[in-house]
Each structure stands twice: as C-alpha cells, then as structure tokens.
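Novice: Next comes the sequence, and after it the predicted model I'd like to discuss.
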Amino acid sequence: MLAVLVESSIRATLLIAAVALVLWLMRIRTASVRHSVWAGVVITMLLLPATVAWGPKALLHWLPAGPERAVTTMNAPAVTLPAGPTVAQEPVQLAEQSSSTRWTWQSYLVGLYLAGLAVFLLRLSIGTVQVNRLMRAAILRDGKRTHQSCATPITVGFFKPMVILPVKWPQWPDAQLNAVLAHEHAHLGRRDPLFQWLGLLNRAIFWFHPLAWWLDRQLSGLAEEACDDVVLSQGYDPQEYSQYLVSIARSLQDNGTRVEMIGMAMPGAALPQRIRRMLMSAYVPPISRPKQVSIAITCALLGLLFSTGTLARAQPPKPVNKFEVASVKASAPGGRIFNLTTQGDQFIATNMNLAGLLRFAFDAEAFQISSGPSWMSSDRFDIDAKGAFPLSKQQAREMLQALLEERFKLKLRSETKQSPVYELLAAKGGLKVKEAKCVGTPSPSNPCGAFSVSTRGLLVGRAVSMTEFAAVLGPMVSRSVFDNTGATGNYNFDLKWTPDKNNEPQGPGDADAPPTDPNGPSLYTALAEQLGLKLNTATRPLTMWVIESAERPSEN
C-alpha cells in the first residue's frame, strides 16, 4: 500500500505541475475552463491508486540504454549443486521462529495513513448526511426552498441539487434576489456541489499531500468566480453585485451561525479577491471552441501519460538470437573445472553437462527441469561460441537456447505450477556484508562481479548484487531463492560452511576431499552468522521445463 501511495503522489504532483504549465502557456484565464481542467485532474488523481496498483502500464523508452552486468562466472574446482533432505529442513524451522508479525517503520506509516483516512472520510460522511437532512427539511415558500439554519444562500445536492435560501430572503430587494438566484442557478447548471464533494474525497484519500488541499480550494474558488462571471454576463453592474455579496457576508457575520456542510454557500470562498477581480480586472473574452478542444485533448493526454506511463530504458534493436560461429565438442575425461562465462562477444562453457546448460539458458533451477535423456547429467561438453556484438546476459541466454535447439535437437515445453521457494531476508541484527566495487580482471582468484562455489563448503563473491547471490543459493538448496532483503548495492560475500557429506553430491575427483572445516556450521547457520541473512519458506508460481527430446551433438 505504501508503495502505491508514494507512486500515486509523485504521479499526481507531476500531473498538476504539467497542467499548470499548460494553462500558463496557453494564457487560460477563464474561470469556468480552469475549473473544468482542475476537476478533471481531481478525477484522475482519485483513479491513480487503482491504475498504479492494477491498471495497464505503458513503457516510455526515454531513458538511455544501460549496460547489463556480465554473466556470472563459476570458475573453481568441482562446482556442484548440493541438495538433500537435511539441507531443506533447516529454513522451515527458521520460518516458524520468525512467523510472528513484526512492526516496521513502513507498518507505522501505513497505520498513520489509515488513521488519517478514517478521520477525513468520517468528516465527509457526516457532511453528506447533513446535506441530505437539510434537503429533506427545507420548506417550499413562494416557489423557493428555505431553511432556518441557513444564514446565506446555499446550493447543495450531488445528483439533484437545489438552492436553499435563508428565511429572510423576502426582505431583499428584487435586484439582489435576482442576482443571488442567477449565481446559485449557475451552480446548479455546473453541478458544482458534486465536484466539491469529489474534491473533498480526493483530499481525504490524499490528506497528506499539500496539492490535494490546494486542488480543493481551487475548485471552490474557481466555481464561485465562474458563477460571478455568469451573473455579470447577464448585465448586472459589478459594483452593485459586489455590494450584494458584501451585505450577505455581513448578515452571515451578524447572525453568527453557519451550517458547515458540503455545498456552495454564498458569498463563498475568497470574497475579497473575487470583488477585486470584478472591479479591477479587464474583461476576459470567452475561449474559442477550437482552443477549448485543444485544451481538453492536451489535458486528457497528460492525464493518460501520468496515469499509465512508466519510464524505461531505451531498448536497442533486438539482434539475431544466434551465434555467428559455435564449436561444440565432448569434454576431456577427468576434468574438474566447470566454467561458464561471457567475455565481450564470446560465450565459453567448459566441462558443462546438458542440465547445467539448460539451467543457464532458461534461468532455471535443477528442480525446474524434468525428464530428459539419461546422459543429460553424465556427458559433458565444451562450447566456444562467438556473436556479432558484445553479449549481455539475456542475449547469451537466448543464443544458447537457439544453439541447444539446433545442435542438441532440444525440444521442451513449459508449465506453470505453484512451487515452494525460499525468500532471502535480513537476519536478526541486520546484514553483515559490505558494499564493494569491482576491481581488477575476473579470475579464479579474483571472482570480480561473479561467484566461485565449491562443494567443500566455500563461496566467494566480489561486487555482486543480493539478487545474484539469491540466484547462486538456489541450486545449493534445491529451490528458487528470491531476494527480499531490500538491499540494492553490490557486496562482497565470503561464506564457509560444512557440507553434509551424506546428502550432498560430490564433484568429479572430489568425493574423498575433506570439507573446509569438518566441525564448521551448516549452510543456514553460516548464512546468519557470517552474512546476516536467513531463508524463509514461501510459495510462488514457477515455470517448469519438461524435456520431450534431446540428442548428443555431433562435434565440429
């Protein structure tokens, strides 16, 4: 909710600023036109929370294209994807321990907003009820409705508005009565009470936003100015009409009472400014029909832009998703190095099986890929491919998909299922990782911008994001891991734990190798103690890949 309110407020601010600039550039001074424009802004602002949360989004590619991070490199002895029943049990216990609701500063802000919203909606509801009671209790006298609680003429009602006069209206001169009725009938024709109610509703929803209060005052003031213009257009003298307004205001002051409710009460808002405007301002000619249409179209486009537009980076032309040249051959027996990387326009995979290639190509975990030939995990391949341009991570994935389809005769289908996942969160006490920048050239000893993982219980990462760390954890716990820490920087990771030798598969030539520390912590304890992180269980829809057929590639 907080994110929706913040984004709606920002969009509303930009919309109001843009509309104000358009009105200034087009020299729009007519009160009725300005009122119509700002009423449209209020309606758009009321719809913003819904459009932000559920509405369609139009990507506006105004930002320059940004470079993508390089493909993660795993370049260490015996990289494996450990899994097992013992590994998957500990996060469940952690989730149970942290299942109680914890209040955060976001929770307090949401609570404060809801409290303010309740107060303002209650006031609006009370005012609405008062309007209905007043309308039912008004007495018809000589063809005009009156009520003893009204010390000034008032126009109320949303869908069937009516004018209610004070009981002393028969004492007014005919000229004053006619001017008052002309003013109030203008409110009736313009449906001003309804727009005032919408302005108050908008102010209740965005009670924390200063511009919501400003819009409410603008609607009230412009409505009165527009009705004043209607009266003067009927031939009334500005000075005499101003005297009528002043006399009604004095009567209201002498009476000492005024019904506070939703309605357009004469003499209305900003009386001194209105009188000064009528007596000193030059005549404002009506706006031509073409200009009105242009204003309406411009403001409608602005409303659509700030309601659904989302800034995005400009997308370069999508290149052909195939490598220019690619070499695929069986790996040499006994290899202990698993390597998958992109460097400029090159894609290199060393000692990788088809299962690992599929995981990279489709950004999937091992459990998301099912079926497949018996040799999918046992046979290993070396791939050396080159593109026509420097490859981004996504481009490398797409090109590898095309290569697997062409050389491995891969055929597969996708299914979406609700699956158990882990959410990566900050542990009690906060994060223990430090922000870092990539320095030097990536290598096994300096995995800058990448990770090095070993089955002996060692993970090293330099200048990588929390999202990338979550992706690396996925194969190690046999579930997809989603970053929910809120950390946005790049960090250094140094994680040491003791693998469970009874449950975790070993890499080639590593079956007899001892762990880094036989008495060291488990993976989940190490996460909390060394990095300040924990895993909680959750459920999300995931894409599952079912391999229908695949063949060993012919070497070239």
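Specialist: That came in fine, so what should we check first?

Novice: Figure out how far stretch 344-355 is from the centre of its chain.
Specialist: Its chain's average C-alpha position is 37 Å from that of stretch 344-355, according to C-alpha atoms, centre = their mean, to the nearest Å.

Novice: In that stretch, which of the residues would be classed as buried?
Specialist: Under the neighbour-count criterion of 16 or more other C-beta atoms under 10 Å, stretch 344-355 has 347, 348, 349, 350, 351, 352, 353, 354, 355 buried. Where C-beta positions appear, they are placed from N, C-alpha and C, glycine not excepted.

Novice: Ramachandran angles for the third one?
Specialist: Residue 349 adopts backbone torsions of phi -130, psi 130, taken as degrees, to the nearest 10.

Novice: What pLDDT does the model give the residue nearest to it when sequence neighbours are not counted?
Specialist: In space, and not counting its chain neighbours, residue 349 is closest to residue 383: 4.1 Å by C-beta to C-beta, 6 or more residues apart in numbering. pLDDT, residue 383: 93.

Novice: Mind listing residues that contact the helix or strand containing residue 348?
Specialist: Assigning secondary structure by DSSP states H and E places residue 348 in strand 346-353. Contact partners of strand 346-353, identified using C-beta atoms under 8 Å, 6 or more residues apart in numbering, comprise 323, 331, 335-342, 357, 376-387, 391, 396, 399-400.

Novice: Give the other helices and strands that the helix or strand hosting residue 107 contacts.
Specialist: Using DSSP H and E, residue 107 maps to helix 105-137. When contacts are defined as 3 or more C-beta pairs under 8 Å, 6 or more residues apart in numbering; DSSP states H and E, helix 105-137 sits against helix 2-25, strand 154-156, strand 162-165, helix 192-205.

Novice: Which of the helices or strands spans the nearest residue to residue 244 once chain neighbours are set aside?
Specialist: Distances taken as C-beta to C-beta, 6+ apart put residue 176 closest to residue 244, at 4.7 Å, once the chain neighbours are dropped. Using DSSP H and E, residue 176 sits within helix 174-190.

Novice: List the buried residues for that helix?
Specialist: 176, 177, 179, 180, 181, 182, 183, 184, 186, 187, 188, 190.

Novice: residue contacts, the last one?
Specialist: In other words, residue 190. Counted by C-beta under 8 Å, 6+ apart, residue 190 has contacts 32, 35, 223, 226, 227.

Novice: now do the third one
Specialist: Shown here is residue 179, whose contacts under the criterion C-beta under 8 Å, 6+ apart are 231, 236, 240, 241, 244.

Novice: and if we set it to 7 Å?
Specialist: 231, 236, 241, 244 (C-beta atoms under 7 Å, 6 or more residues apart in numbering).

Novice: Now find how far off-centre the one helix or strand the last one maps to is within its chain.
Specialist: Residue 244 is located in helix 238-255, with elements delineated by DSSP H and E. What separates the centre of helix 238-255 from the centre of its chain is 50 Å, taken as C-alpha atoms, centre = their mean.

Novice: Walk me through which strands the helix or strand following it pairs with, and which way each runs.
Specialist: Next helix or strand after helix 238-255 toward the C-terminus (DSSP H and E): strand 264-265. Using DSSP bridges, the strands paired with strand 264-265 are strand 154-156 (antiparallel).

Novice: Just the residues contacting the strand it pairs with, thanks.
Specialist: Taking C-beta under 7 Å, 6+ apart as the rule, strand 154-156 contacts 131, 134-135, 161-164, 184, 187-188, 192-193, 262-266.

Novice: any low-confidence regions in the stretch 201-350 of the chain?
Specialist: Low-confidence segments of the stretch 201-350 of the chain (pLDDT under 70): 254-261, 263, 269, 281-285, 310-320, 336.

Novice: To clarify, my last question referred to the stretch 51-200 of the chain.
Specialist: 57-103.

Novice: can you do 50?
Specialist: Across the stretch 51-200 of the chain, residues meeting the criterion (pLDDT under 50) sit at 67-101.

Novice: Closest one to residue 456 out of the buried residues of stretch 344-355, please.
Specialist: residue 351 (17.7 Å; C-beta to C-beta).

Novice: how close does the closest one sit to residue 407?
Specialist: 17 Å (C-beta to C-beta, to the nearest Å).

Novice: can you check residue 332 too?
Specialist: For residue 332, the distance to residue 407 equals 19 Å [C-beta to C-beta].

Novice: got it, and residue 12?
Specialist: 54 Å.

Novice: Check residue 473 too.
Specialist: 31 Å.

Novice: same question, residue 355
Specialist: 16 Å.

Novice: still on that earlier bit, please identify which of the helices and strands packed on helix 105-137 is closest to residue 434.
Specialist: helix 2-25 (27.5 Å).

Novice: Can you list the buried residues in the closest one?
Specialist: 5, 8, 9, 11, 12, 15, 16, 18, 19, 22, 23.

Novice: Give me the residues contacting that helix.
Specialist: Helix 2-25 has contacts (C-beta under 7 Å, 6+ apart) with 34, 37, 41, 44-45, 48-49, 52-53, 106, 109-110, 113, 206, 209, 211, 298-299, 302-303, 306-307.

Novice: Which residues does stretch 225-234 contact?
Specialist: 31-32, 35, 179, 182-183, 186-187, 190, 238, 241, 274, 277-278.

Novice: CSV please, covering those residues and showing distance to residue 219.
Specialist: Formatted as CSV, the entries for the contacts of stretch 225-234 read as follows, by distance: C-beta to C-beta, whole Å:
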residue, distance to residue 219
31, 11
32, 12
35, 7
179, 23
182, 21
183, 17
186, 15
187, 12
190, 11
238, 24
241, 22
274, 15
277, 17
278, 20
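
Novice: The helix or strand encompassing residue 401: which residues count as buried?
Specialist: Element membership of residue 401, judged by DSSP H and E, is helix 393-407. Under the neighbour-count criterion of 16+ other C-beta under 10 Å, helix 393-407 has 395, 396, 397, 398, 399, 400, 401, 402, 403, 404, 407 buried.

Novice: mind checking how far the residue lying closest to residue 345 once chain neighbours are set aside is from residue 5?
Specialist: Spatially, and ignoring its direct neighbours in sequence, residue 345 is nearest to residue 387 (4.7 Å; C-beta to C-beta, 6+ apart). Remark: distance between residue 387 and residue 5 (C-beta to C-beta) = 44 Å.

Novice: likewise residue 360?
Specialist: With C-beta to C-beta as the criterion, residue 360 and residue 5 are 39 Å apart.

Novice: Bridged to the nearest residue to residue 323 once chain neighbours are set aside, which residues?
Specialist: Leaving out its chain neighbours, the residue that sits closest to residue 323 by C-beta to C-beta, 6+ apart is residue 385, at 4.0 Å. Beta-bridge pairing of residue 385, defined through DSSP bridges, involves residue 326, residue 347.

Novice: And residue 543, by the same measure?
Specialist: Bridge pairing for residue 543 - DSSP bridges - gives residue 416.

Novice: That one: what's it in contact with?
Specialist: 368, 414, 416.
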